[in-house]
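> Sequence first, then the predicted structure:
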Amino acid sequence: MDLIVAVASHKPYTFPPDPVYLPVQAGAEGKESFGIAADNAGEHISDKNPGFCELTVQYWLWKNHEADAYGLCHYRRYFASHAFIKPKKERILSGEALKTLLAGSSVILPKKRHYWVETNRSQYVHAHHEEDLIRTREILGEMYGQRYTAAFDRVMDRRSGHRFNMFLMTKAYFLRYNEFLFPVLFELEKRLDISGYSEKDRRVFGYVAERLTDVWLEAERIGYSECPVVFTEKQNWPVKIWRFLKRKFSAR
């Protein structure tokens, strides 16, 4: 199996040496190269990176590479083994291990994030702008009909979901996913006025895409498997929890 896993990065970094991983400079348009593949070669949307985040790498991979299967991960976040006693970077799965996963399931996603006290909808609204979801649902209805709006509502009412815009997919599913995702996001880009958004909230199209993965799976009844994710750098959990609580209990 010919598998390409793009590793989106906005800065120089130490990447996994396994040849299945393809480090790609995200948002390379107008920026100085730091010596890896860049998402502004060939057909691309590199200039949309401030709003689309790692999706500019996903689009570039879709339009410019042929393979049997594709993946997307981030320079600090990878699919990993369950061997928690190992150093973080040693838990990153090899290309052969990723291919083994794909032999058992055509779609591999990160393990779900659970909110427990929030639905996907309320978590998004507390963290970002409700208008993003309203317009997304509107577009889904216009483009794909009631089946997709119903799937959107079910996903939004749950208390868990897949995040990070990470995946492994065989070619057929990768093509189907992109053919669904990007038309929705491009239309959303036309309808949202983000001129008053903070720099963080201007990443709206990346945030919405995280939610649309589950909507697509739900609407199309696509089966998938999950895999643990390792974040290779230290995370400040007290700060993360404080920010979560602050968002939940304070007005925007």
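It's in.

> In this structure residue 159 contacts residue 119, no?
Yes. Using Cβ atoms under 8 Å, residue 159 is in contact with residue 119, at 5.7 Å. C-beta coordinates here come from the backbone N, C-alpha and C atoms, glycine included.

> For the nearest residue to residue 176 once chain neighbours are set aside, report the pLDDT, please.
Nearest residue to residue 176, sequence neighbours excluded (Cβ to Cβ, 6 or more residues apart in numbering): residue 220, at 7.6 Å. For residue 220, the pLDDT comes out at 98.

> what mean pLDDT does the helix or strand where residue 98 lies have?
Here residue 98, judged by DSSP states H and E, is contained in helix 95-104. Throughout helix 95-104, pLDDT has a mean value of 98.

> For the very next helix or strand once past it, which outside residues touch it?
Counting by DSSP H and E, the next helix or strand C-terminal to helix 95-104 is strand 107-110. The contact list for strand 107-110 (Cβ atoms under 8 Å, 6 or more residues apart in numbering) reads 71, 79, 98, 101-102, 162-164, 166-170, 173, 213, 217, 222-229.

> cool, and stretch 52-68?
Contacts of stretch 52-68 (Cβ under 8 Å, 6+ apart): 1-4, 6, 8, 24, 26-27, 39-46, 48-49, 70, 72, 74, 165, 170-171, 174-175, 178, 181-182, 185, 203, 205-206, 209.

> do the same with stretch 88-97
In contact with stretch 88-97 (Cβ under 8 Å, 6+ apart) are residues 3, 5, 16, 18-21, 78-81, 83-84, 101, 227, 230-232.

> For residue 233, see how far away the nearest residue to residue 47 once chain neighbours are set aside is.
Spatially, and ignoring its direct neighbours in sequence, residue 47 is nearest to residue 29 (4.6 Å; Cβ to Cβ, 6+ apart). Residue 29 is 26 Å from residue 233, where distance means Cβ to Cβ, to the nearest Å.

> More neighbours: the two, which one.
Ranked by neighbour count (other Cβ atoms under 10 Å), residue 29 and residue 233 place residue 29 first, with 16 against 8.

> The more buried one contacts residue 41, doesn't it?
No. Using Cβ under 8 Å, residue 29 is not in contact with residue 41, being 10.0 Å away.

> Can you tell me the number of residues neighbouring residue 177?
By the measure other Cβ under 10 Å, the count of residues near residue 177 is 22.

> Under the pLDDT cut-off, which ranges of the chain? List them.
Applying pLDDT under 70 to the chain picks out residues 235-252.

> please redo it, this time with the cut-off set to 80
In the predicted model, the chain carries pLDDT under 80 at residues 83-85, 234-252.

> Dig out what the nearest residue to residue 228 once chain neighbours are set aside forms beta bridges with.
Residue nearest to residue 228 in three dimensions, not counting chain neighbours: residue 80, with 5.0 Å by Cβ to Cβ, 6+ apart. Beta-bridge partners recorded for residue 80 (DSSP bridges): residue 92.

> count of neighbours near residue 38?
Neighbour tally, residue 38, other Cβ under 10 Å: 20.

> let me redo that: residue 81
Close neighbours of residue 81, defined as other Cβ under 10 Å, add up to 15.

> ok, the nearest residue to it once chain neighbours are set aside to residue 6 distance?
Closest residue to residue 81 apart from its sequence neighbours, by Cβ to Cβ, 6+ apart: residue 91 at 4.9 Å. The gap separating residue 91 from residue 6 is 20 Å, by Cβ to Cβ.

> So for these two, which sits in the more crowded spot?
Higher neighbour count among residue 91 and residue 6: residue 6, with 24 against 19, using other Cβ under 10 Å.
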